[in-house]
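Chemist: Using only what follows, build the 3D model:
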Amino acid sequence: MGKFTRAEWLHGMGLLEISSLPVLAQALRELDDLLIRDKQALARSASTSSQGKKRGGASTKEPYNRTRYREYASDRKTAFADLYQFCFTLAKPPQARNIDLEMAMALWSVLLAPRYPIINDLITFLPEKGTYKGANKDIWNMVVHEFCRAVDPSLSNYEADGAWPSLLDDFVAWMKSKAHDGAEPVPAKEE
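Modeler: Sure thing, here's the model as predicted:
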């Protein structure tokens, strides 16, 4: 698992002008709402836009410098993709090509499950199947995230002939057999 140096931490907190844990918690909640939960971006308050700016672009009324937040809000898709890539790099041990399956499932439950409930079914399937030990960058990037975005939660548009890896073919077969048997889980519904 990756680490931040003290210098990196202080530099980042300085750029964001975060000087306390409650303000850090607020900034993280706001980013979670924006990028993970796909909620509406914070509106600029009248006091923020009309007052003079102090160093770094933050207004004197904002709890922290929201310049980066506003950049993320202007292109959420890219910001989420960058966050998703960063998490793989952070979780991957040095010199390794994969992250272990437990770590991948934990990160998917945080990063993808709020938007794509079918991930919860995948997380149930993987340990039950028992043959998958880790996620390489291809599985992490193109497969799980792209699968969630491209395939309907009912799996009605899943093409077995497509270029999906065997992990997802196995998952879809498992989901369909569960639905056919009348057993749980039934494909997750999008909210």
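
Chemist: Nearest residue to the middle of this protein?
Modeler: In the chain, the centroid-proximal residue (Cα atoms, centre = their mean) is Leu111; its distance is 2.6 Å.

Chemist: Distance check, that one against Lys77.
Modeler: According to Cβ to Cβ, to the nearest Å, Leu111 and Lys77 sit 14 Å apart. For every residue, glycine as well, the C-beta is placed using N, CA and C.

Chemist: try Arg97
Modeler: From Arg97 to Lys77 the distance is 26 Å (Cβ to Cβ).

Chemist: next one: Phe147
Modeler: Phe147 is 16 Å from Lys77, by Cβ to Cβ.

Chemist: Also Ile36?
Modeler: For Ile36 relative to Lys77 (Cβ to Cβ), the value is 13 Å.

Chemist: more neighbours, those two?
Modeler: A count of neighbours by other Cβ atoms under 10 Å puts Ile36 above the other of Ile36 and Lys77, at 16 against 9.

Chemist: Tell me how far the more buried one lies from Leu111.
Modeler: Counting by Cβ to Cβ - Ile36 and Leu111 are separated by 6 Å.

Chemist: Go through stretch 150-165 and flag the buried ones.
Modeler: Going by neighbour count (16 or more other Cβ atoms under 10 Å), the buried part of stretch 150-165 is 151, 153, 158, 164.

Chemist: and the least confident of the residues you listed?
Modeler: Lowest pLDDT within the buried residues of stretch 150-165 is found at Trp164 (84).

Chemist: Check the secondary structure at that one for me.
Modeler: coil (DSSP: H, G, I helix; E, B strand; the rest coil).

Chemist: returning to what we had before: show the contacting residues for the residue nearest to the centre of the chain.
Modeler: Going by Cβ atoms under 8 Å, 6 or more residues apart in numbering, Leu111 touches 36, 83-84, 87.

Chemist: Tell me which of those fall in helices.
Modeler: Among the contacts of Leu111, the members falling in helices (DSSP state H) are 83-84, 87.

Chemist: Among those residues, which one sits closest to Asp169?
Modeler: Checking these against Asp169 with Cβ to Cβ, the nearest one is Tyr84 at 22.7 Å.

Chemist: if we can go back for a sec, turn the buried residues of stretch 150-165 into a markdown table, columns for secondary structure and distance to Ile123.
Modeler: Formatted as a markdown table, these follow (DSSP: H, G, I helix; E, B strand; the rest coil; distance: Cβ to Cβ, whole Å):
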| residue | secondary structure | distance to Ile123 |
| --- | --- | --- |
| Val151 | coil | 16 |
| Pro153 | coil | 15 |
| Tyr158 | coil | 18 |
| Trp164 | coil | 18 |
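
Chemist: and of these, the nearest to Trp174?
Modeler: Tyr158 (12.3 Å).

Chemist: And that closest one, its phi and psi?
Modeler: phi -70, psi 130 (degrees, to the nearest 10).

Chemist: What is the burial count for Leu16?
Modeler: Neighbourhood size, Leu16 [other Cβ under 10 Å]: 19.
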